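1. please work out how this folds:
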Amino acid sequence: MARASSLVNVMRQVFGAVGSALFITYFTQQATAHGNDIAAALRTAQQAHKPPAGVAGQCFAQFGQHMDKLQACGAAHAFTQGFNDTFTLVTIATAVCVVLALFAGRDRNLVAAKRAAASGQAPAPQPRPAMVGE
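-> Predicted coordinates:
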């Protein structure tokens, strides 16, 4: 049983790391895309000699022609929008996993052990698969 426990722990660590890497990659891509959209809106408005709209317009109204402050404002908004997109994805993935867990059902061995404990009987030992090296 000790080997199975350490295998479960290792798998949890590996899949946690892979999941974190995937979500961080998604966040980075979304934040970059939002940043590019904000920069394009500022460039388009500058070329058309019109005030920008949306987030770019908010940053422009707040900081005017100060490029360093405009970049910082745009980056902050892009970062926040990237987090919002990633949070939405994680929420959807969690909801899918909850639904799948509800359909998975209960472990038959655990239910049998609880019934045996409730009736005062000792649970019957379950057969173990043979392990190489035992």
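
2. Ala78: how many residues sit nearby?
-> 21 (other Cβ atoms under 10 Å). For glycine as for every other residue, the C-beta is placed from the backbone atoms N, C-alpha and C.

3. how about it, what does it touch?
-> 31-32, 34-35, 37-38 (Cβ atoms under 8 Å, 6 or more residues apart in numbering).

4. so where does it fall, helix or strand?
-> helix 67-104 (DSSP states H and E).

5. so which bits of that helix are buried?
-> For helix 67-104, the neighbour count (16 or more other Cβ atoms under 10 Å) marks 70-71, 73-75, 77-78, 81-82, 85-86 as buried.

6. which residue is the nearest non-sequential neighbour of the residue positioned nearest the centre of the chain?
-> Centroid-nearest residue in the chain, with Cα atoms, centre = their mean: Val90, separated by 3.9 Å. If the residues on either side of it in the chain are set aside, Val90 comes closest to Phe23, at 6.5 Å by Cβ to Cβ, 6 or more residues apart in numbering.
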